[in-house]
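Peer 1: here is a sequence with its predicted model. Questions after.
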Amino acid sequence: MSIRSRWLPILLSGALVVAMVALADAFACQELLFPETTAILCGAWIQPRQAWEVDRPRMFLLMAAGAVFGLVANLGLGAVPLPARVLLGYAFCALMMTLMHASMAPMFSAAILPMLLGTDSWAYPAAVVILVTIVCAGQMGLERAGLREPIELPKVETSPSARDALAYWGRRLAVFAMVAVPAYVAGLTFLAVPPLIVAYTELSQPGFSLRAHPLRAWAVLAGAGAIGALARNAVALLGLPLAAAAALGFVALVFLWDGLHVWMPPAGAAMLLALLVPWANPWAYALEVACGAAIWVAAALLAFPHNNA
């Protein structure tokens, strides 16, 4: 896949990302800025074949359920320590995907991001629902225009049983807990930001192609974090409008994806998240994301050694 062959979906994706950031800035409502939108656009619009095994109705339901769960966990379980809430969020998403016989890793970001940011407004799940609706509608339009392949799901009889799927998710959850909980307890939140959690989940899948290229998987995640940090610094130090920073960051991200030949959706969320999360040190985000990416890539490969393509 190349920029030349996918220029129109890339252009449309960038326009939607910039519009989302501009609206969030204009209304001073950070809940309208959902970084995982960039990842979903990569997997649902830019890539010729959808990155996840899920149809549009289930994509909508899973993303909406994840966003609502994350907000409700904040509102109703605020006294519960953050690591415990995050583990509960991961388990909820895994259970929902198992029950719906679907794979939609960005759901983890929808559920966990509001926990990390302390979101308490229903504007957040409303924004997620609207953005995912736009993505689904746009995907239908691209399919009708012949700009992407129709969604093809595996036959039910070839899918793992619910028991096997839950056992496998249990292993993923155990590894996730061993990495994420110490990071959150130590206050190193950027080591386990949602895009890295999504990347770990995808890399632990059997047959996932990027398992054969772990250095490139790390490089695209670390590079996206650095691009995001540069964009955020341009806003803070140079007074660049937030939407302009998002536009420049998206362009740089596309060239990173293309240069490494790794169109990895979570990298898009890692770039855009830099414009949203609070930080004291202007380079803390980039450094921690780079270190965290190395940890999560290694965890996926070492904990699931038989999943190579």
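Peer 2: Ah, there it is. Please read these numbers as outputs of a predicted model, since none were measured by experiment.
Peer 1: what is the neighbour count of Arg163?
Peer 2: 9 (other C-beta atoms under 10 Å). Every C-beta, even on glycine, is put in place using the N, C-alpha and C of the backbone.
Peer 1: buried stuff in the host helix or strand of it?
Peer 2: Element membership of Arg163, judged by DSSP states H and E, is helix 162-185. Across helix 162-185, burial judged by 16 or more other C-beta atoms under 10 Å covers Ala165, Tyr168, Trp169, Arg172, Val175, Phe176, Ala177, Val179, Ala180, Val181, Ala183, Tyr184.
Peer 1: for the residues you listed, which one is nearest Ala303?
Peer 2: Nearest to Ala303 among the buried residues of helix 162-185 is Val175, at 4.5 Å by C-beta to C-beta.
Peer 1: which ones are touching that closest one?
Peer 2: Shown in contact with Val175 (C-beta atoms under 8 Å, 6 or more residues apart in numbering): Tyr200, Ser204, Ala299, Ala303.
Peer 1: let's go with 10 Å and repeat that
Peer 2: When contacts are counted by C-beta atoms under 10 Å, 6 or more residues apart in numbering, Val175 touches Tyr200, Ser204, Trp296, Ala299, Ala300, Leu302, Ala303, Phe304.
Peer 1: just the pLDDT at the first one, thanks.
Peer 2: Read it as Tyr200. Per-residue pLDDT puts Tyr200 at 96.
Peer 1: which secondary structure elements does the one helix or strand it maps to contact?
Peer 2: Using DSSP H and E, Tyr200 falls within helix 194-203. Applying 3 or more C-beta pairs under 10 Å, 6 or more residues apart in numbering; DSSP states H and E, one finds that helix 194-203 contacts helix 36-41, helix 82-99, helix 106-117, helix 162-185, helix 214-238, helix 265-273, helix 284-303.
Peer 1: and the direction of it versus that of helix 106-117, what angle?
Peer 2: Per axes from the mean of the first three to the mean of the last three C-alpha atoms, to 10 degrees, the angle that helix 194-203 makes with helix 106-117 is 150 degrees.
Peer 1: got the angle between helix 194-203 and helix 265-273?
Peer 2: With the same axes, to 10 degrees as the basis, helix 194-203 and helix 265-273 are set at 180 degrees to each other.
Peer 1: for Asn281, what are phi and psi?
Peer 2: Asn281 adopts backbone torsions of phi -100, psi 130, taken as degrees, to the nearest 10.
Peer 1: how many neighbours does it have?
Peer 2: Considering only other C-beta under 10 Å, Asn281 is surrounded by 10 other residues.
Peer 1: if I look at it, how far off is Phe250?
Peer 2: 24 Å (C-beta to C-beta, to the nearest Å).
Peer 1: same check, this time on Ala65
Peer 2: 28 Å.
Peer 1: what's the answer for Ala111, then?
Peer 2: Counting by C-beta to C-beta, the gap from Ala111 to Phe250 is 24 Å.
Peer 1: one step back: please say which of Ala65 and Phe250 ends up with more neighbours.
Peer 2: Phe250 (25 against 19).
Peer 1: name the element that one belongs to?
Peer 2: Using DSSP H and E, the element containing Phe250 is helix 242-260.
Peer 1: angle of that helix against helix 214-238?
Peer 2: Going by the same axes, to 10 degrees, helix 242-260 makes 160 degrees with helix 214-238.
Peer 1: to the chain's geometric centre, what's the distance from helix 242-260?
Peer 2: 16 Å (C-alpha atoms, centre = their mean, to the nearest Å).
Peer 1: do I have it right that Leu242 meets Val17?
Peer 2: No - with contact defined as C-beta atoms under 10 Å, Leu242 and Val17 do not form a contacting pair (11.6 Å).
Peer 1: circling back: for the helix holding Arg163, the averaged confidence score.
Peer 2: 90.
Peer 1: how far is that helix from where the chain is centred?
Peer 2: Distance, stretch centre to chain centre, for helix 162-185: 17 Å (C-alpha atoms, centre = their mean).
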